[in-house]
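Q: Pasting the sequence and the predicted model now:
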Number of protein chains: 2
Amino acid sequence: MGDKISRGLLRFRERVFKALSDSTRLEIIEYLKDGERCVCEIIPYIGKAQSTTSKNLGILFRAGILDKREDGKKTFYRIKNPEIFLLLKAADSLNLKDLASASETVDALRKAIEG
Amino acid sequence: MGDKISRGLLRFRERVFKALSDSTRLEIIEYLKDGERCVCEIIPYIGKAQSTTSKNLGILFRAGILDKREDGKKTFYRIKNPEIFLLLKAADSLNLKDLASASETVDALRKAIEG
DNA sequence: ATTATATATCGAGATATTGGAATATGTCTA
DNA sequence: TAGACATATTCCAATATCTCGATATATAAT
């Protein structure tokens, strides 16, 4: 207790969260849930300019979230580490807990009023 | 398979990750690990301007990551939901080179999140 | 009431990020 | 080799973000 967290870990976390803090990139990650896809599939799915999608793929790749494989003129991206989905789930659970505690509050109020 | 993830969930994730994608804010979260602290303690710990720290606290509060309590002229902030630490752990685990200990972390996370 | 203290908010400058058009690079095919 | 295709990179404008100093607001103390 009391020791400051290392600058390095802090910066690592920052890089990961920054890579995830864009809905276009989050959508790419969701799209790759079922396996690798070539850029030519990702572009129309995402519906933004080719350069935009390519750039976002590069950001996810450099953040260590995606892996890529080149085959001829195509490039296939895939989730590098499925733990990323646990991370997303953990984020979602922050939302669920909010709702849960909100409904607990509502229940408590109801009891207080009716009971 | 194939259904697009909802825009709302995407935006929720984006907001959470955006709030976490700054090392000053990540450091604040670490500092609050052991319990609530008043702003007057957080400011010197972080070592940035008072307005900067106040603004970052506001961002974490509005993102639903921190809670606050006012007592006289002091304001105390605390972690709203300890699940945030699972989220941080999940991020860290992306970094782990040792697959064995990584999968331990994954197991622990899975239990914590799903169980 | 006046002053000191604690925190939040406003405004500005520096920097970063986003997305798209244009261009570059690399690879296949005829 | 020329041309078509797939992807990455460069350049730029718009927007967002970070930090700070100054100011505002609220509470406590004298």
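A: Okay, I see it. Keep in mind the model is a prediction, meaning the values are calculated, not measured.
Q: Mind listing what's buried along the one helix or strand A:G58 maps to?
A: Counting by DSSP states H and E, the element that carries A:G58 is helix A:50-62. Of the residues in helix A:50-62, those buried by neighbour count under the rule 16 or more other Cβ atoms under 10 Å in any protein chain shown are A:53, A:56-57, A:59-61. C-betas here are computed from N, CA, C, even on glycine.
Q: try stretch A:41-52
A: A:42-43, A:46.
Q: CA atoms only for that stretch, dumped as PDB, please.
A: Output in PDB follows, covering the C-alpha atoms of stretch A:41-52 (Å, rounded to 0.1, in the frame of the first residue of the first chain):
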ATOM      1  CA  GLU A  41     -14.100  -7.500 -46.200                       C
ATOM      2  CA  ILE A  42     -13.600  -5.200 -43.200                       C
ATOM      3  CA  ILE A  43     -13.800  -2.000 -45.300                       C
ATOM      4  CA  PRO A  44     -17.300  -2.500 -46.600                       C
ATOM      5  CA  TYR A  45     -18.500  -3.800 -43.200                       C
ATOM      6  CA  ILE A  46     -17.200  -0.700 -41.500                       C
ATOM      7  CA  GLY A  47     -18.500   1.600 -44.200                       C
ATOM      8  CA  LYS A  48     -15.800   4.200 -43.900                       C
ATOM      9  CA  ALA A  49     -13.000   5.300 -46.400                       C
ATOM     10  CA  GLN A  50     -10.400   2.700 -47.200                       C
ATOM     11  CA  SER A  51      -7.700   4.800 -45.700                       C
ATOM     12  CA  THR A  52      -9.600   5.300 -42.500                       C
END
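Q: do that stretch and DNA strand C meet at all?
A: Yes: Stretch A:41-52 lies within reach of DNA strand C by Cβ under 7 Å from any atom of the strand, at A:48-52.
Q: which residues touch that stretch?
A: With Cβ atoms under 8 Å, 6 or more residues apart in numbering or on different chains as the contact definition, stretch A:41-52 has outside contacts at A:24, A:27-28, A:31, A:37, A:53, A:56-57, A:77.
Q: Tabulate the residues of stretch A:41-52 next to DNA strand C (a markdown table), appending pLDDT.
A: Output for the residues of stretch A:41-52 next to DNA strand C, formatted as a markdown table (pLDDT from 0 to 100):
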| residue | pLDDT |
| --- | --- |
| A:K48 | 97 |
| A:A49 | 97 |
| A:Q50 | 98 |
| A:S51 | 98 |
| A:T52 | 98 |
